[in-house]
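[1] for reference, the sequence and a predicted model appear below.
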Amino acid sequence: MTKEETGRGDRPTAIENQGSRLIKRAIRPLVAIRPEITAICAGFLVGAIVVWVTGHPVVETFYHLFRGAFGSRIAIGMTLTRATPIIFTGLAVAIAFKCGLFNIGAEGQLQVGAFAAAWVGIALPPMPPVIHISLAFAAGAAAGLLWAVVPAVLKVTRGAHEVVTTMMLAHVGILLASYLVTGPFKDPGPVPQTEWIASTAQLTRLLPPTQLSTALFVALLCAIAVYLFLWKTSPGYAIRAAGLNPKAAEAGGVPVARSIMLALLLSGALAGLGGAGEILGVFHRFIDGFSPGYGWTGIGVALVGRMHPLGVILAAVLFGALRAGGGTVARAVGVPLDITVVIQGTIILFIAAQRMTEFLWERRRKK
Amino acid sequence: MKERRVSRGLVSACVALLLAVSLIAPACPRPPVVPVMRVGVVTSIGGLGDKSFNDYTFFGAKAAAEEMGVPIDVVEPAGVGDFEGLLRDMALTGEYKVILAIGFLQMDALDIVAAEFPDQTFIIVDGVVHKPNVTSLTFRENEGSFLVGVLAGMMTKTNLIGFVGGMYVPIIWRFQAGFVAGVKWVNPDATVKITYVGSFRDPAGGKEHALAHYGAGVDIIFSASGATILGVFEAAAVKDKLAIGIDVDQSHLAPDYIVASMIKGLTPATYHATLAALKGELEPGIAVFGLAEGVPGICFLIPDHVRTSTVPLPEEVRAKVIEARQMIIDGRIDVPDEHDL
């Protein structure tokens, strides 16, 4: 503050000092997530331009996007329903990334996890819901974890790059689940799907009539668990250290190979849980093609969420809101659902170009 | 330096505020909602632009809506999980005289939503939902497939005929059963080689399967495989052999190689059902469309049809197909379906 502005002596008063401190404290988190805010603004801006150029009403589009995502109890239910699976896959990608690994194959882990959960829901005899649901989730996690074993072992023993192995196994997983549900486990009828899972394996719906279920709570619990594990335990510390600089970590006595194994296996298990949550909460049966690519979306969610559990939750809600609102936009304004893909893509692009935006900020600062 | 940091922060805060405003501000000028009678359509996974199933079903609903001067809204899902929410979103508005759910993948979702809105009229195309407010439109695709089977059986010179399926599901088995029966009816010596690509969206796979067939001596292929069929057409062009289109007249996609197309009757069925719904005359229940209900079955029997294919069509083939069609309508030919495989 300059003399002219304050119009008083050359020293700001104590109250003013305190005021500016308060402002600074209030905006500190906003400053910290500046690149994300920039990216999200850019996403909406590009979306608005596309809507405008294609001759649709911009204001009405965004009004319906917001209304479809948050405008009613049902809208909020739909947003959170869509956010739930990508919280899981976002966490899966994030935990591997913290160890310096790109688990690109979350989609395959999600699909085998989903199928395993469906199988437990169908095949096991009647039992108390708590046990049945726990077993189904455990089966989903185990299947997802199993799907990450091969990439993890190959990475540790042979140095095979996990991008290649997880990606290839993803397609094996997707096609395996697809084979099982069109072949041996197919329900009679025209649709490639299994029979219904037992009612004791179905999760409670939170906001009927929407598909939102307690899978959301499981997702949030997983986010807390991932946070506590990574930042409050020593294996978690080892994973982060190995991710920052494997050589330095190795020299410092961190078990790098074991950390890589652990991170990839947990990543697979989280993706598997995500698949299980969709089956037990939303569909109540395995349907071929139930996932529109939640595993792939998880990569974007983790990126936008800056690989942090809280960030993943917020990014998942944003992406879920776009998808829920996109349906209302398509119906009410006639802008195809693809507009939300444009917005998501732009956001991810800008995050990936974070260095560029940071560079621009730096230059501004130096001026 | 200190002030500088604050001002930088302020800029960020402003950006955040802008974002918040951009989200909330549009909520203020609430557009007036005029209660109008509308037609709503939820497409299947493939969405519009597939030049086949979704497009031609939508055309039927659109023609009916235009005839009645009623606006039509269409939404395309991003995944199977979207169906329930999209159908409910439409039904909740109360603005829709009729809502069409396209494709058998919507059966579960519509079963739930139709029960929530007992006063809302729904139509499901290519699937069956047993609810008092739902009309299910289904098709005897095996009959049209029989007709193109007759055509293939007469036009083959090698007595080897190919069938390329999309996903291995009962509805495609129905095409296969009718096609094979048609071939055998007219030409018992011909052999039909059958393969499944495993996907409705894999033209590259369709091309590989078709190339393998043609390489093995097959000279005409019928394919029931959604967008995968586009690869079959490519292979036909590469090998200079014949192919048969599906659902609608696809000859214009490769006029020199697509001799004819099997016609399912999507557009007229959807048109009549939508029109009836708009007039308040639609009966709930299952409506089955086959040759006896006026479905042409094969492209050159569409009224006022202009043939785009350049492949010569012998008059005796044409006559035989028309004869088979009449025999099916009269019940003198019993066309097998997926249950007879």
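    Good, I have the coordinates.
[2] and the residue of the stretch 51-200 of chain A closest to chain B?
    Per Cβ to the nearest Cβ, residue A:63 is where the stretch 51-200 of chain A lies closest to chain B, at 3.8 Å. Glycine gets a C-beta too; all of them are placed from N, C-alpha and C.
[3] that residue sits in which helix or strand?
    Assigned by DSSP states H and E, residue A:63 belongs to helix A:58-70.
[4] can I get that helix as PDB, trimmed to CA atoms?
    Extracted in PDB, the C-alpha atoms of helix A:58-70 (Å, rounded to 0.1, in the frame of the first residue of the first chain):
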ATOM      1  CA  VAL A  58     -24.500 -20.100 -24.300                       C
ATOM      2  CA  VAL A  59     -26.200 -18.800 -21.200                       C
ATOM      3  CA  GLU A  60     -29.000 -21.300 -21.400                       C
ATOM      4  CA  THR A  61     -26.500 -24.100 -22.000                       C
ATOM      5  CA  PHE A  62     -24.600 -23.400 -18.800                       C
ATOM      6  CA  TYR A  63     -27.700 -22.700 -16.900                       C
ATOM      7  CA  HIS A  64     -29.000 -26.200 -17.800                       C
ATOM      8  CA  LEU A  65     -25.500 -27.700 -17.200                       C
ATOM      9  CA  PHE A  66     -25.600 -26.400 -13.700                       C
ATOM     10  CA  ARG A  67     -29.200 -27.300 -13.100                       C
ATOM     11  CA  GLY A  68     -28.700 -30.800 -14.300                       C
ATOM     12  CA  ALA A  69     -25.700 -31.300 -12.100                       C
ATOM     13  CA  PHE A  70     -26.800 -29.500  -8.800                       C
END
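[5] which helices and strands sit right next to it?
    Other helices and strands packing on helix A:58-70, by 3 or more Cβ pairs under 8 Å, 6 or more residues apart in numbering or on different chains; DSSP states H and E, are helix A:34-53, helix A:73-97, helix A:309-332, helix B:2-24.
[6] residue in the stretch 201-341 of chain B with the shortest distance to chain A?
    Closest residue of the stretch 201-341 of chain B to chain A, Cβ to the nearest Cβ: residue B:338 (9.1 Å).
[7] for that residue, which non-adjacent residue is spatially closest?
    Excluding the flanking residues, the one nearest residue B:338 by Cβ to Cβ, 6 or more residues apart in numbering or on different chains is residue B:173, at 3.8 Å.
[8] pretty sure that neighbour contacts residue B:340?
    No: with contact defined as Cβ atoms under 8 Å, residue B:173 does not reach residue B:340; the gap is 9.3 Å.
[9] count of neighbours near residue B:338?
    18 (other Cβ atoms under 10 Å in any protein chain shown).
[10] again, but for residue B:175
    28.
[11] give me the pLDDT value at the nearest residue to residue A:48 once chain neighbours are set aside.
    Spatial nearest neighbour of residue A:48, chain neighbours left out: residue A:58 (5.2 Å); criterion: Cβ to Cβ, 6+ apart. If you check residue A:58, the pLDDT there is 92.
[12] center of chain A - which residue?
    Residue closest to the mean C-alpha point of chain A, counted by Cα atoms, centre = their mean, is residue A:90 at 2.8 Å.
[13] need the contact list for that residue.
    By Cβ atoms under 8 Å, 6 or more residues apart in numbering or on different chains, the contact list for residue A:90 reads A:298, A:301, A:302, A:305, A:312, A:315, A:316.
[14] and the last one, what is it in contact with?
    It refers to residue A:316. By Cβ under 8 Å, 6+ apart, residue A:316 lies in contact with A:83, A:84, A:86, A:87, A:90, A:301, A:305.
[15] and the closest residue to the fifth one other than its chain neighbours, what does it touch?
    What it means is residue A:90. In space, residue A:90 comes closest to residue A:301 once its chain neighbours are excluded; the distance is 3.4 Å by Cβ to Cβ, 6+ apart. Contact analysis of residue A:301 by Cβ under 8 Å, 6+ apart lists A:86, A:87, A:89, A:90, A:93, A:312, A:315, A:316, A:319.
[16] hmm, residue A:300 and the last one touching each other?
    Yes: using Cβ under 8 Å as the test, residue A:319 is close enough to residue A:300 to be in contact (7.1 Å).
[17] more neighbours, these two?
    A count of neighbours by other Cβ under 10 Å puts residue A:319 above the other of residue A:319 and residue A:300, at 27 against 23.
[18] that one and chain B, how far apart?
    Distance, residue A:319 to chain B, by Cβ to the nearest Cβ, to the nearest Å: 11 Å.
[19] pLDDT weak spots in chain B?
    Chain B contains residues with pLDDT under 70 at B:1-36.
[20] nearest spatial neighbour of the residue positioned nearest the centre of it, skipping sequence neighbours?
    Nearest to the mean C-alpha position of chain B, counting by Cα atoms, centre = their mean, stands residue B:53 at 1.7 Å. Distance criterion Cβ to Cβ, 6+ apart; nearest residue to residue B:53, sequence neighbours excluded, is residue B:247 at 5.8 Å.
[21] gap between the one you found and residue A:190?
    Taking Cβ to Cβ, to the nearest Å as the measure, residue B:247 and residue A:190 are separated by 16 Å.
[22] doesn't residue A:51 make contact with the residue nearest to residue A:48?
    Yes: using Cβ under 8 Å, residue A:58 is in contact with residue A:51, at 5.1 Å.
[23] find the nearest non-adjacent residue to the residue in chain B that chain A sits nearest to, please.
    Closest contact between chain B and chain A, by Cβ to the nearest Cβ, is at residue B:79 (2.9 Å). Nearest residue to residue B:79, sequence neighbours excluded (Cβ to Cβ, 6+ apart): residue A:292, at 2.9 Å.
[24] report pLDDT for that neighbour.
    The confidence metric pLDDT takes the value 87 at residue A:292.
[25] helix, strand or coil: sort out it for me.
    Three-state assignment for residue A:292 (DSSP: H, G, I helix; E, B strand; the rest coil): coil.
[26] state the number of residues packed around it.
    Residue A:292 has 17 nearby residues by other Cβ under 10 Å.
[27] show me the contacts for it.
    Contact partners of residue A:292, counting by Cβ under 8 Å, 6+ apart, are B:78, B:79, B:80, B:81, B:82.
[28] same check on residue A:140?
    Counting by Cβ under 8 Å, 6+ apart, residue A:140 makes contact with A:113, A:114, A:116, A:117, A:272, A:273, A:275, A:276, A:277, A:279.
[29] chain A contacts on the stretch 151-300 of chain B?
    Within reach of chain A by Cβ under 8 Å from any Cβ of the partner chain, the stretch 151-300 of chain B has these residues: B:167, B:168, B:169, B:170, B:171, B:198.
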